[in-house]
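1. kindly generate the corresponding structure for this input.
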Amino acid sequence: MAAAVDAERLPPEWRLYLLPARLATFHGWPFTEGCLCTPHKMAAAGFVHCPSENSPDLAQCFFCFKELEGWEPEDDPVQEHGKHSAGCAFLALQKDVSELTLQDFLKLDKERMKNMIVSGPLAYPGASRGTSCCALVAPLSRCFCLESVSLLALRSPSVTGFWQGRVKARNFFKKSQDALLCLLCVRFCL
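-> Model prediction:
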């Protein structure tokens, strides 16, 4: 995804790949200056702030969905994230998201979707804590792929032509009774 991409046109869950979108969730964060867990450092480590009445410092990784609370001023967000979720692919990413190719981004997002199914909001349907955090999941009744594919930083002309052709023809959908299964985001679209 290029930095010049209009973030508002991206699906909500893809916006969180961008640091400013994660940083914007840290309203009312209790640690702002003179500490290691400032909003910027928290967002850079992949966290979004999703406070509750009982947990004003609750933060969740948008990628692996690990929730951490009870932050202390000397807690380093990257170290704490790694300690509690060592397998987080976003944390292990060695380059900026804007430098990813389309293929790399889609592989990465596939891992995020697996995490969502295993431990995220989809693992606990109806659970208030899992589903309330910053709207991490787009509604299942809407597919954003047709809107978003053209916004990604398509680095190869052959890849660009391939995806644009698929989007125009809409031939990456399979009919399934009254819903469509998008083969790009693996969602049922009504």
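
2. ok, and the closest non-adjacent residue to His27?
-> Counting by Cβ to Cβ, 6 or more residues apart in numbering, His27 lies nearest to His49, which is 7.3 Å off, once chain neighbours are set aside. The C-beta positions use only the backbone N, C-alpha and C, and glycine is treated the same way.

3. equivalent analysis for Thr32, please.
-> Thr32 sits nearest to Thr38 (Cβ to Cβ, 6+ apart), 6.2 Å away.

4. and for Pro51?
-> Spatially, and ignoring its direct neighbours in sequence, Pro51 is nearest to Leu58 (5.5 Å; Cβ to Cβ, 6+ apart).

5. what's the burial count for the residue nearest to Thr32?
-> For Thr38, the neighbour count with other Cβ atoms under 10 Å is 17.

6. cool, and the one 3 residues further on?
-> When neighbours are counted by other Cβ under 10 Å, Lys41 registers 16.

7. distance check, it against Ala59.
-> 11 Å (Cβ to Cβ, to the nearest Å).

8. need the residues touching each of those two.
-> Taking Cβ atoms under 8 Å, 6 or more residues apart in numbering as the contact criterion, the common neighbours of Lys41 and Ala59 are Pro77.

9. in this structure, which helix is the longest?
-> Using DSSP state H to define each element, the chain has its longest helix at helix 102-119.

10. same for that one, what does it pack against?
-> Judged by 3 or more Cβ pairs under 8 Å, 6 or more residues apart in numbering; DSSP states H and E, helix 102-119 is in contact with helix 89-92, helix 157-169.

11. 10 Å - rerun?
-> In terms of contacts (3 or more Cβ pairs under 10 Å, 6 or more residues apart in numbering; DSSP states H and E), helix 102-119 is packed against helix 12-15, helix 89-92, helix 157-169.

12. which one of these has the lowest average pLDDT?
-> The weakest mean pLDDT among these belongs to helix 157-169, with a mean of 43.

13. returning to what we had before: residues in contact with the residue nearest to Thr32?
-> Listed by Cβ atoms under 10 Å, 6 or more residues apart in numbering, the contact partners of Thr38 are 26, 29, 31-32, 44, 73, 77.

14. which of these are buried?
-> Neighbour-count burial (16 or more other Cβ atoms under 10 Å) applied to the contacts of Thr38 gives 26, 29, 31, 77.

15. who touches the last one in this structure?
-> Going by Cβ under 10 Å, 6+ apart, Pro77 touches 36-47, 59, 61, 68, 71, 91.

16. what distance do you get for it to Gly70?
-> 13 Å.

17. repeat that for the third one.
-> Taking Cβ to Cβ as the criterion, Phe31 is separated from Gly70 by 12 Å.
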